[in-house]
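[1] Structural data only, the sequence is not supplied:
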């Protein structure tokens with residue numbers, strides 16, 4: 001079993017024992033099971049999922065970091081929302097705003113548009129989590 005801790009600057013979102021965790025890292029999704037090798041990785045905005053006793057819960061996370069050490073998975077993220085927390089209108093507005101900003105910055109470098117792309121990815125994750 002793994003101890004999963006997910007914290008944002010405002011609160012501790014999850015603090016429980018789970019069987020597995022899947023996190024969206026910059027290099028792709030990473031599955032974490034008990035006895036996983038120590039790991040520190042940056043997260044990208046996306047869907048984080050964790051399973052316990054056959055039930056899987058999912059959260060939209062807005063980037064951050066994950067650390068795995070001694071069967072403890074610690075996730076530090078700016079924002080984390082479960083499906084019931086997602087405001088669909090706000091998520092759609094965030095997506096539309098990010099898409100417009102990205103279009104307006106079409107000639108900018110990838111580095112200059114990184115924040116906009118992260119906003120777009122988080123909005124898409126929220127919409128995906130809410131099933132829209």
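    Happy to help now that I have it. Keep in mind that this is a model prediction, so the values were computed, not measured.
[2] show me where the protein has helices.
    88-104, 114-129 (DSSP state H).
[3] closest to residue 66 out of the ones you listed?
    helix 114-129 (15.5 Å; CB to CB). Just so you know, the C-beta spots here come from the backbone N, C-alpha and C atoms, and that holds for glycine as well.
[4] and that closest one, which residues are buried?
    Neighbour counts over helix 114-129 (16 or more other CB atoms under 10 Å) mark 116-129 as buried.
[5] try stretch 25-32
    Along stretch 25-32, these residues count as buried under the neighbour rule (16+ other CB under 10 Å): 25, 30, 32.
[6] give me every residue that touches the second one.
    For residue 30, the contacting residues are 22, 23, 39, 41, 66, taking CB atoms under 8 Å, 6 or more residues apart in numbering as the criterion.
[7] filter the residues you listed to the buried ones?
    Applying 16+ other CB under 10 Å to the contacts of residue 30 flags 22, 23, 41, 66 as buried.
[8] Export the residues you listed as CSV, with columns for distance to residue 9.
    Formatted as CSV, those follow (distance: CB to CB, whole Å):
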residue, distance to residue 9
22, 23
23, 19
41, 20
66, 16
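[9] Pull the most distant pair out of these.
    Farthest-apart pair in these is 22 and 41; separation 12.6 Å (CB to CB).
[10] measure the residue of the chain most remote from its centre to residue 113 for me?
    Going by CA atoms, centre = their mean, the residue of the chain most distant from its centre is residue 107, 28.1 Å out. Applying CB to CB, to the nearest Å, the value for residue 107 to residue 113 is 10 Å.
[11] try residue 120
    For residue 120, the distance to residue 113 - CB to CB - is 9 Å.
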